[in-house]
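*Asks:* Just to be clear, the model below is a prediction. Sequence and coordinates:
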Amino acid sequence: MLVYWAILLEALASANVAAGSPVHGQHQGGANTPVIGGNHSASTTPFWQNYNYCQGRNLGATWSPLKDANMVKLQVMHRHGGRSPAMTVPGDTTPWYQCGNPDEFVFMNPGDRLSDKRSPFMKEMTTIDGAFAYTMWEGNCDAGQLTTFGSHQLQKLGRTLRSTYVDDRKFLPKKMDPDFKISHTYIWRTRESVENLMNGLYPLDTRRAGDTLTMHVKPSAIETMITPASACPKLAKLVSAYSSSPAYAATLAPYTAIQDKLVKAYNTTGVSGYNTTGALYDSASATYCHGLGLKGDLTAEDIQTAVIPGTSAYHNLFRQNPAAEQVKRLGVGAWLADILTSLSDRSTKLEVYSAHDASLDMFLSVVADPDLPWPPFGSNVVIELWQKKNRQQVVRIFYEGMVVPAHPDLGCDFSACPLDTLTKFVKKYIPTDFKNECAV
């Protein structure tokens, strides 16, 4: 599968990648925005045409109601927006001043902009100074912090959801329902991301005075939207075994040239822990997506290609790994159980999961075509539950604004997959006794 994806990436890069930066000021790139990631061949399917790692595509023009059916539930799972690199690379002097205005304010009065008559009660600001500031980059971004660019991505997604499900479909109410269920991981950027999404979906003038949304978050030790290796010793053992296996080495073998180029660009040849694609692609891609340039001789095509070996430890853990089926049960099973439970919950019409690229990817590893590439910044999976006139319930799933190509073993089409079919398939990946299955 990885080789297939690589061939598609090379073809797409030669045909579509432009030299322009994806971020101009605080705006997302337009005609010159480079394509980063992968796609299925345009000659066979348009699903991944114009895929862009820097910017997920939102549901919009491709959406239409399901004939002779009523929607009864909406789930949205999304990756956080653009962020600073997850870790600092020794010697990297790229300044990161993109986090000064992530729109996370506690306001004293109505509105959505700062003005003379409207001031915030509190605002969060990262400060990089003091005795050990030399160990980080210059700027106002912590490692892995949501940027203004990322905030705007999620606000835009929220506005698109409002246009589709409030204005067009009229499924969600015009005024915010405080019973909407919102979940994010314990990592800061997912909280900020869902705050921005809900700001786009339900701006202040659509909220009743005193209404409050509750955001649910699990402690880090028992989080299920991230591979729960710390809570499940057996899973931790399987993850460790894969990272040192011949199967994983084989996925990296075709990419030694790009790894060498990254290491040379970042001058980390002799720096332990910072001389692999997995360690460097994140900094290189985040820097590029924010319009902060390219190191050394790196090109847009190199950044695109590096996404594959850079994410292989996660992506192929659930696919090419010989123990992939067991990893799915232990790694995604708990979250799948929550998702199925939510589909039968009529106390709220909307559930939002604010998570990570690896979160969306491991969910898709169970239900979708194995060849889907890595989730971009701001990418989203939208799950709709519909009830037909004959009372049959069907599920429609969108990813990157288009209907998800279903896993070949699922036996249904996600333009209208019977809920019973999906439930039966997914339950194969939900342990009935996590404690025993997780024991080593």
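*Replies:* On my side now, so go ahead. Numbering: from 1, shown residues only.

*Asks:* and the strand or helix carrying Val72, which residues are buried?
*Replies:* Of the helices and strands defined by DSSP states H and E, Val72 is found in strand 69-79. Within strand 69-79, the residues scored as buried using 16 or more other CB atoms under 10 Å are Ala69, Met71, Lys73, Leu74, Gln75, Val76, Met77, His78, Arg79. All C-beta spots, glycine's among them, are computed from the backbone N, C-alpha and C.

*Asks:* Given it, what are its sheet partners and their directions?
*Replies:* According to DSSP bridges, strand 69-79 forms sheet pairs with strand 350-355 (parallel), strand 380-388 (antiparallel).

*Asks:* show me the contacts for the residue nearest the centre of the chain.
*Replies:* In the chain, the residue lying closest to the centroid (CA atoms, centre = their mean) is Arg79, at 2.4 Å. Going by CB atoms under 8 Å, 6 or more residues apart in numbering, Arg79 touches Gly56, Ala355, His356, Asp357, Ser359, Leu360, Pro375, Pro376, Phe377, Gly378, Ser379, Asn380.

*Asks:* Give me the subset of those that lies in strands.
*Replies:* Of the contacts of Arg79, the ones assigned to strands by DSSP state E are Ala355, Asn380.

*Asks:* Point out the least confident one among the contacts of Arg79.
*Replies:* In terms of pLDDT, the lowest of those is Gly56, showing 90.

*Asks:* check contacts around the residue nearest to it when sequence neighbours are not counted.
*Replies:* Spatially, and ignoring its direct neighbours in sequence, Gly56 is nearest to Ser379 (3.2 Å; CB to CB, 6 or more residues apart in numbering). Contact analysis of Ser379 by CB under 8 Å, 6+ apart lists Gly56, Arg57, His78, Arg79, Asp357, Leu360, Tyr399, Glu400.

*Asks:* now Gln259
*Replies:* With contact taken as CB under 8 Å, 6+ apart, Gln259 is in contact with Leu252, Thr276, Thr277, Pro309.

*Asks:* any idea which of those residues is closest to Leu235?
*Replies:* Leu252 (21.9 Å; CB to CB).

*Asks:* May I have the phi/psi pair for the closest one?
*Replies:* Leu252 has phi and psi values of phi -90, psi -20 when expressed as degrees, to the nearest 10.

*Asks:* Kindly indicate whether the closest residue to Asn58 other than its chain neighbours is helix, strand or coil.
*Replies:* Counting by CB to CB, 6+ apart, Thr160 is the residue found nearest to Asn58 once chain neighbours are left out, at 4.2 Å. Three-state call for Thr160 (DSSP: H, G, I helix; E, B strand; the rest coil): helix.

*Asks:* Is it correct that Thr160 is in contact with Thr62?
*Replies:* No. Using CB atoms under 8 Å, Thr160 is not in contact with Thr62; the gap is 11.3 Å.

*Asks:* hmm, back to that, and the residue nearest to the centre of the chain, how close does it get to Leu252?
*Replies:* For Arg79, the distance to Leu252 (CB to CB, to the nearest Å) stands at 24 Å.

*Asks:* Can you show me the strands along the stretch 1-150 of the chain?
*Replies:* Assigned by DSSP state E, counting those that start in this stretch, the strands in the stretch 1-150 of the chain fall at 23-24, 27-28, 69-79, 105-107, 120-123.

*Asks:* And for the residue lying closest to Lys295 once chain neighbours are set aside, the neighbour number?
*Replies:* Of all residues beyond its chain neighbours, the one nearest Lys295 is Ala265 (3.8 Å), with distances taken as CB to CB, 6+ apart. As a burial measure, Ala265 scores 17 neighbours (other CB atoms under 10 Å).

*Asks:* Also Thr305?
*Replies:* Thr305 is flanked by 24 other residues according to other CB under 10 Å.

*Asks:* I'd like the distance between it and Leu336.
*Replies:* Remark: distance between Thr305 and Leu336 (CB to CB) = 32 Å.

*Asks:* how's the protein carved up into domains?
*Replies:* Domains of the chain are assigned by automatic domain parsing as 2-238+319-438, 239-297.

*Asks:* Lys234: which of the strands paired with strand 69-79 is closest?
*Replies:* Smallest distance to Lys234 across the strands paired with strand 69-79 (CB to CB): 22.7 Å, for strand 350-355.

*Asks:* low-scoring pLDDT stretches of the stretch 1-150 of the chain, where are they?
*Replies:* 1-50, 61, 102-122 (pLDDT under 70).

*Asks:* Tell me which residues of the top helix by length along the chain come out buried.
*Replies:* When the chain is scanned for its longest helix (criterion: DSSP state H), the result is helix 324-343. Within helix 324-343, the residues scored as buried using 16+ other CB under 10 Å are 324, 327-337, 339-340, 342-343.
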